[in-house]
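**Student:** This is a predicted model, with the sequence first.
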Amino acid sequence: MESQLQPPEYTDTATSSEVIGSSDSAPLATIRANTPTDTQWQKLGSQVSDFLAQLPDYIGKFFNQYKQPIITLGLIFAAIITVKVVLAVIDAFNDIPLLQPTFELIGIGYSAWFVNRFLLQASKRQELSQEIEKLKQQVVGSQQLPNS
């Protein structure tokens with residue numbers, strides 16, 4: 001017959017308030033779980049509330065410091081979104097039957113009229129350049145440009 005060996009039983013005689021491996025003169029050590037206490041939660045809560053209270057000031061300082069780049073990026077994003085919307089609208093118009101060829105005929109007709117009206121004769125080209133200069137002065141202001 002086989003003999004059955006049983007492992008020896010170990011009993012824990014030390015409690016959580018006893019110090020393992022220390023002398024009698026040492027203070028008692030306790031084992032605590034790593035849970036934050038109420039004071040730690042209050043401290044963390046006050047830090048978060050202070051940060052949130054200061055957040056508008058931080059954002060205001062950031063915006064004042066980087067105002068020009070932020071505005072430039074905003075305008076770039078607005079331009080990109082505008083172009084995408086315009087292209088989507090044009091694509092929607094092109095899906096309507098007979099509308100795309102009609103717009104193409106209108107564009108070709110206007111281009112032919114513009115070439116005939118302004119570009120074929122030299123006097124008409126001068127008239128066009130004067131109109132463009134008037135438009136520049138209205139947009140930019142009355143700056144005297146040297147004649148070349």
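**Tutor:** Received it, and whenever you're ready, just let me know what you need.

**Student:** Strands of the chain, start to end?
**Tutor:** Using DSSP state E, the strands of the chain do not appear at all; there are none.

**Student:** okay, now the domains of it?
**Tutor:** Under the assignment automatic domain parsing, the domains of the chain span 47-95, 97-137.

**Student:** Kindly check the end-to-end length of the shortest one for me.
**Tutor:** The one in question is domain 97-137. Domain 97-137 has its terminal residues 43 Å apart, counting by CA to CA, to the nearest Å.

**Student:** Ok, the first one next?
**Tutor:** The first and last residues of domain 47-95 sit 58 Å apart, counting by CA to CA.

**Student:** pLDDT of it, averaged?
**Tutor:** For domain 47-95, the mean pLDDT works out to 93.

**Student:** could you dump the domains of the chain to CSV with distance to Asp38 and mean neighbour count?
**Tutor:** C-beta coordinates here come from the backbone N, C-alpha and C atoms, glycine included. Formatted as CSV, the domains of the chain follow (distance: least, CB to CB, whole Å; neighbours: other CB atoms under 10 Å):
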stretch, distance to Asp38, mean neighbour count
domain 47-95, 15, 10
domain 97-137, 71, 11
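
**Student:** Can I get those in JSON lines including distance to Thr37?
**Tutor:** Below are the domains of the chain laid out as JSON lines (distance: least, CB to CB, whole Å):
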{"stretch": "domain 47-95", "distance to Thr37": "16"}
{"stretch": "domain 97-137", "distance to Thr37": "73"}
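
**Student:** Among these, which comes closest to Trp41?
**Tutor:** Trp41 sits nearest to domain 47-95 of all the domains of the chain, at 10.5 Å, using CB to CB.

**Student:** From Ile71, how far off is Phe63?
**Tutor:** To Ile71, Phe63 is 10 Å away according to CB to CB, to the nearest Å.

**Student:** Same check on Thr37?
**Tutor:** 48 Å.

**Student:** again, but for Lys84
**Tutor:** When CB to CB is the yardstick, Lys84 and Ile71 sit 21 Å from each other.

**Student:** now Leu44
**Tutor:** Applying CB to CB to Leu44 and Ile71 gives a distance of 37 Å.

**Student:** same deal with Asp57?
**Tutor:** Here the criterion is CB to CB. By it, Asp57 lies 20 Å from Ile71.

**Student:** before we move on, what about Gly60?
**Tutor:** Here the criterion is CB to CB. By it, Gly60 lies 15 Å from Ile71.
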